[in-house]
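Trainee: Could you work out the structure for the sequence below:
(one chain, ligands or ions: 2)
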Amino acid sequence: MKDNIVVEAENIKKSFGDNVVIKDISFNLKELEHLAVMGRSGSGKSVLIKSLVGLIVPDSGKLNVLGENILDMDDDDIDVIRRQVGYLFQGGALYDSMTVERNMKFPLRRHPDKPSESEIKDLVDETLENVGLLETKKKYPSELSGGMKKRIALARTLIMRPKIMLYDEPTTGLDMITSAEISELILKMREEYDISSIIITHDVSCVELTSDRVIILGEGTSLAEGTFEELSNSEDKDIRSYFTMIHKKK
Ligand SMILES: Nc1ncnc2c1ncn2[C@@H]1O[C@H](COP(=O)(O)OP(=O)(O)OP(=O)(O)O)[C@@H](O)[C@H]1O
Ligand SMILES: [Mg+2]
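Mentor: Ligands and ions are numbered 1, 2, ... in the order given. Next up is the predicted model:
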């Protein structure tokens, strides 16, 4: 991997029929960095991170993840990369019919180097402890609050010990205090597990708390890139407006 760059995207383009979603985007993510991606609804944020795990294939461009060119890979090789990239989906659903414990065990049991049952139990306990929710082990998702569900969904992703985390709107729909707790947790997870992260969010405080660098997507490209300080004080009022209520979703 060159210069500890864990994701390198160059001139990515993606259309769906006539809908040109990504005209031309280039960016990189460094090891242990937290990159926030902002942009209006429909600007292609989710499409962009889905392409990092092969869920969407760009029409052209170069895409290296953990040093591998993933646009040139067969499904088995992409799976190896995918297991090292955790993805907290927008809306990050848990399986309602399973307890928290079974939700947590689910991805591990499908892993090719499946750990033993006692190792699985230890991993579940340790990861739940880390998100502060060990006591919910025997509960069902319906018995948990929205913030708790997000934390469990995060723990279920972290149990695979990913090198990269992709967070798609981790705080949307949560109150301010719970959102701040999730942001703190994102920071704690980097300390705990040495994770590099891309955080898609409309939540300005989440960007302020978690990001080292921010990119703003719009019109199929990257409109601006810089630190939270730089962009939120930008000379350009359109860029500044992403950090005010105008562009906040919901
Ligand atoms: N699988 C797909 N097939 C066709 N069009 C798609 C597909 N996925 C996304 N799109 C289109 O791509 C555009 C960008 O979608 P995307 O989900 O990336 O937006 P977003 O920036 O994540 O928005 P939001 O903030 O609302 O989540 C939209 O116009 C959407 O309709
Ligand atoms: Mg989205």
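Trainee: Sketch out the low-pLDDT regions of the chain for me.
Mentor: Counting by pLDDT under 70, the ranges of the chain that qualify are 1-2, 92, 245-250.
Trainee: In it, which residue sits nearest ligand 2?
Mentor: Residue nearest to ligand 2 within the chain: residue 46 (3.2 Å; C-beta to the ion). All C-beta atoms are positioned from the backbone trio N, CA, C, and that covers glycine.
Trainee: Distance of that residue relative to residue 234?
Mentor: 25 Å (C-beta to C-beta, to the nearest Å).
Trainee: Next: residue 42.
Mentor: With the distance defined as C-beta to C-beta, residue 42 ends up 22 Å from residue 234.
Trainee: Equivalent analysis for residue 136, please.
Mentor: 42 Å.
Trainee: Identify each buried residue in the longest helix belonging to the chain, please.
Mentor: For the chain, the longest helix by residue count, based on DSSP state H, is helix 176-193. Buried residues in helix 176-193, counted by 16 or more other C-beta atoms under 10 Å: 178-183, 185-186, 189-190.
Trainee: What is the burial count for residue 152?
Mentor: The number of residues packed near residue 152 is 24, by other C-beta atoms under 10 Å.
Trainee: show me where this protein has helices.
Mentor: Going by DSSP H, the chain shows helices at 45-52, 75-82, 100-109, 117-130, 146-158, 176-193, 204-210, 228-232, 237-241.
Trainee: Export these as a markdown table, with columns for distance to residue 166.
Mentor: Shown next, in a markdown table, are those (distance: least, C-beta to C-beta, whole Å):
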| stretch | distance to residue 166 |
| --- | --- |
| helix 45-52 | 5 |
| helix 75-82 | 11 |
| helix 100-109 | 15 |
| helix 117-130 | 18 |
| helix 146-158 | 9 |
| helix 176-193 | 12 |
| helix 204-210 | 13 |
| helix 228-232 | 19 |
| helix 237-241 | 24 |
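Trainee: For the closest residue to residue 61 other than its chain neighbours, name its beta-bridge partners.
Mentor: Spatial nearest neighbour of residue 61, excluding adjacent residues (C-beta to C-beta, 6 or more residues apart in numbering): residue 12 at 3.7 Å. Here residue 12 sits in beta bridges with residue 25, going by DSSP bridges.
Trainee: coming back round to it: for ligand 1, see how far away the residue of the chain closest to ligand 2 is.
Mentor: To ligand 1, residue 46 is 3 Å away according to C-beta to the nearest ligand atom, to the nearest Å.
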